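**Student:** next one to model:
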Amino acid sequence: MSIKKNYKHFPLKQYGQNFLINKKIIKDIIKAIDPKIKQTLVEIGPGLAALTKPMSQLLEELIVIEVDRNLLNALKKHSFYSKLTVFCQDALNFNYINLFYQKNQPIRIFGNLPYNISTSLIIFLFKQIRVIQDMNFMLQKEVAERLIAFPGNKSYGRLSIISQYYCNIKIILRVLPEDFRPIPKVHSVFINLTPHVNPAPYFVYDINILSRITKIAFQNRRKILRHSLKTLFSEKKLIELDINPKSRAENISVLQYCRLSNYLYEQYKNY
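**Tutor:** From the prediction side, this is the model:
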C-alpha cells in the first residue's frame, strides 16, 4: 500500500514537509485530477515525486515549484526529469499570470501543500483566479473544513466566505496521518477548488470591500452585527438590506455579505 522508504531526504520542519507514501491514495489523486496531455499543470511542492512521477507520465510538460534545493537536486536523478520545467522559488512569489500568457491557456494547480502556508497560498491564488482552471490540494482537515463551512458552523469564517465567493469546493479524499512520512499529528483532506463560471452565484463590485467587512465582523464574532458593524451600517440599514442586526458574523451567508459589500461600494462611489 505504501512506497518503500528508500529516500534519504530529511524532512525540513521550516517547509512543513510531510511526504505522501500511500500508493492507492496517489493513484486516486491522479485519477481525480484527470490531466490531459497538453494542459498546463503546475505542481506546488513536488517533494519526493510521489505525484510528480505519475503525473509527468501523462503530460508533455509538468511545471514544478519547489523551494527546497535538496529536493530539486533529487528530482534530477529521475528519468522523468526531462518532462519537468522547474522553478526553485516560493510558490507565494510565483507569477501565475505570466505563465498563463506564456502558455496561452488556463492553469491547473495541484500539490500536497505544506500546512504552514496552505491558507496564505490559497488566498494568494485567489488574486490570480482569472488564469486558473482549477486547484487540487492536500490540506489539513481543519483548513478544508473552514473552506467548505456554511453559516452556523463553528468553522465558518472569513476564509469560508472568500473561498466560496471565488470557487466551488469539493472534498475528494480523506487521508490518514499514516499515509505520510513523517506522520503528521493531523488528518488531511484532498480537495478540488474550481472557479465559478458565469453566471457566478455571487457578485461584488470590489472584493476589497467584502474583505474589509468580513474582517471587521469576524474580529468581533461573538458580538451581534449592530455592534460589530456599527461603524459601517446603522441598525436601520441592516434591516433594509434584509439582515438581522441581532445576528452574529457566523450566521450571515456569503450572499448577504456580498449585499453589504455592494451597498458600501455604492455609498463610496457617490462621495
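**Student:** give me the phi and psi for Pro202.
**Tutor:** Careful, residue 202 is Tyr and not Pro. phi -130, psi 150 (degrees, to the nearest 10).
**Student:** ok, now which ones touch Glu61?
**Tutor:** Under the criterion of CB atoms under 8 Å, 6 or more residues apart in numbering, the contact partners of Glu61 comprise 40, 83-85. Where you see a C-beta, it was placed from the backbone N, CA and C, and this is true even at glycine.
**Student:** neighbour-wise, give me the winner out of these.
**Tutor:** The most crowded member of the contacts of Glu61 is Thr40, carrying 24 neighbours; neighbours defined as other CB atoms under 10 Å.
**Student:** report the beta-bridge partners for that residue.
**Tutor:** The bridge-partner assignment for Thr40, based on DSSP bridges, gives Ile107.
**Student:** how far away is it from Tyr165?
**Tutor:** 25 Å (CB to CB, to the nearest Å).
**Student:** also Leu147?
**Tutor:** Taking CB to CB as the criterion, Leu147 is separated from Tyr165 by 12 Å.
**Student:** for Ile123, which non-adjacent residue is spatially closest?
**Tutor:** Excluding the flanking residues, the one nearest Ile123 by CB to CB, 6 or more residues apart in numbering is Ile162, at 7.1 Å.
**Student:** and that neighbour, what is it in contact with?
**Tutor:** Ile162 makes contact with 123, 126, 207, 210-211, 214, according to CB under 8 Å, 6+ apart.
**Student:** and it, how far is that from Tyr257?
**Tutor:** Counting by CB to CB, the gap from Ile162 to Tyr257 is 9 Å.
**Student:** now do the shared contacts for these two.
**Tutor:** By the contact definition CB under 8 Å, 6+ apart, Ile162 and Tyr257 are jointly contacted by 210, 214.
**Student:** quick check: the residue of the chain positioned farthest from its centre vs Lys230, distance?
**Tutor:** Relative to the centre of the chain, the most outlying C-alpha is that of Lys236, 36.7 Å out, by CA atoms, centre = their mean. According to CB to CB, Lys236 stands 12 Å off from Lys230.
**Student:** ok, longest helix in the chain?
**Tutor:** Ranked by number of residues, the top helix in the chain under DSSP state H is helix 254-269.
**Student:** neighbours around the nearest residue to Ile148 once chain neighbours are set aside, how many?
**Tutor:** Counting by CB to CB, 6+ apart, Ile169 is the residue found nearest to Ile148 once chain neighbours are left out, at 5.2 Å. One way to gauge burial is a neighbour count; for Ile169, by other CB under 10 Å, it gives 16.
**Student:** for Glu72, what are its contacts?
**Tutor:** Slight slip there: residue 72 is Leu, not Glu. Under the criterion of CB under 8 Å, 6+ apart, the contact list for Leu72 reads 66, 86, 88.
**Student:** tabulate the contacts of Ile162 (a markdown table), appending pLDDT and distance to Tyr115.
**Tutor:** What follows is these, written out as a markdown table (pLDDT from 0 to 100; distance: CB to CB, whole Å):
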| residue | pLDDT | distance to Tyr115 |
| --- | --- | --- |
| Ile123 | 97 | 15 |
| Phe126 | 98 | 19 |
| Ile207 | 97 | 26 |
| Leu210 | 98 | 26 |
| Ser211 | 97 | 23 |
| Thr214 | 97 | 23 |
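**Student:** tell me the buried residues within those.
**Tutor:** 123, 126, 210-211, 214 (16 or more other CB atoms under 10 Å).
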